[in-house]
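[1] Okay, sequence plus prediction incoming.
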Amino acid sequence: MDASLKALFDAADKAAAKAYAPYSKFSVGAAIRTSTGYIVAGCNVENAAYPAGTCAEAGAIAAMVAQGETKIVEIAIVGVKTNPCYPCGACRQRIFEFSDTSTRVHLRDGVTGEAITHSIDALLPHAFGPRDLA
């Protein structure tokens, strides 16, 4: 794994360690590299009313936007002690909103440590987004 990707996974790991997951015990971290090279991370935050919680990807995207960034170049997602943690459908749409076809989604297997990479287009084929609203 190259140093650039390692830095992204390290940021995702640090975020996952801070996740608030008292109900599911399923901690997730996500880290985004923006088009300016900035890295921002987020973790999942659960709530007793399950739908009111937020995914790690949503938290990272919100932090990215709060920093004035709007373009995801790549994102790393880790689930603690799990097989690769794929983003849910809503988060795939969120990632797509701030991406283009070259955006890479990196997932690391929490058991084997193996990293796999997909394009956002592969994870959300035939997506509907801002380009369709013009």
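    Here it is on my side, so go on. Numbers count the residues shown, from 1 in each chain.

[2] Show the low-confidence segments of the protein, by residue range.
    The chain contains no residues with pLDDT under 70.

[3] show me where it has strands.
    Remark: strands assigned in the chain by DSSP state E are 28-34, 39-43, 72-79, 104-108, 115-119.

[4] contacting residues for Met1?
    If a contact means CB atoms under 8 Å, 6 or more residues apart in numbering, then Met1 has Phe9, Ala115 as its contacts. C-beta: built from backbone N, CA, C; applies to glycine.

[5] And the spatially closest residue to Pro87 that is not a sequence neighbour, how far from Val105?
    In this structure, Pro87 finds its nearest non-sequential neighbour in Glu57, 5.2 Å apart by CB to CB, 6 or more residues apart in numbering. Separation of Glu57 from Val105 (CB to CB, to the nearest Å): 9 Å.

[6] Over to Ile77?
    For Ile77, the distance to Val105 - CB to CB - is 7 Å.

[7] Now for these two: what residues contact both?
    Pro87.

[8] Helices along the chain, start to end?
    Taking DSSP state H as the criterion, the chain carries its helices at 3-17, 56-66, 89-97, 120-123.

[9] out of these, deepest packed?
    The highest mean neighbour count among those, using mean count of other CB atoms under 10 Å, belongs to helix 56-66: a mean of 20.

[10] which other helices and strands contact it?
    helix 3-17, strand 28-34, strand 39-43, strand 72-79, helix 89-97 (3 or more CB pairs under 8 Å, 6 or more residues apart in numbering; DSSP states H and E).

[11] contacts for the first one?
    Applying CB under 8 Å, 6+ apart, the external contacts of helix 3-17 come out as 1, 27-31, 33, 39-43, 56, 59-60, 74-80, 106, 108, 115.
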